[in-house]
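Undergrad: How does the following fold in three dimensions:
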Amino acid sequence: MPKDSDNTKRKYEDIRAAYQEWTAKAYKGVRMYTDEYIYVRLEEQFYLKPKTIENILYYRTTY
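TA: Next up is the predicted model:
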């Protein structure tokens, strides 16, 4: 069984990948969703607060 830090790293990577998917969506070259909207969507998906999501995305966390 993987260590907790391995699970945490995997979760953080999944959050970052989901963020990249949302930011890649564009219409006529313009990004469709704001960062705030994406944070709320990720909050619903991963059961975390938007500030926590932001910290994970910008590597402000330790594990």
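Undergrad: before we move on, which element is the most centrally placed residue in the chain in?
TA: By CA atoms, centre = their mean, the chain has its centre lying nearest to I15, at 3.4 Å. Taking DSSP states H and E as the criterion, I15 maps to helix 4-24.
Undergrad: residues making contact with that helix?
TA: Residues from elsewhere that reach helix 4-24, judged by CB atoms under 8 Å, 6 or more residues apart in numbering: 2, 31, 33, 38, 41-42, 45-46, 48, 53, 56-57, 61, 63. From N, CA and C alone the C-beta is placed, and that goes for glycine too.
Undergrad: moving C-terminal of it, what's the next helix or strand?
TA: Next in sequence after helix 4-24, counting helices and strands by DSSP H and E, comes strand 26-27.
Undergrad: Off-centre distance for that following strand?
TA: Put simply, strand 26-27 sits 20 Å off its chain's centre (CA atoms, centre = their mean, to the nearest Å).
Undergrad: That one - what's its average pLDDT?
TA: Confidence for strand 26-27, expressed as mean pLDDT, is 94.
Undergrad: Paired strands for the following helix or strand past it, with orientation please.
TA: Sequence order places strand 30-31 as the next helix or strand after strand 26-27, per DSSP H and E. Strand pairing for strand 30-31, determined by DSSP bridges: strand 26-27 (antiparallel).
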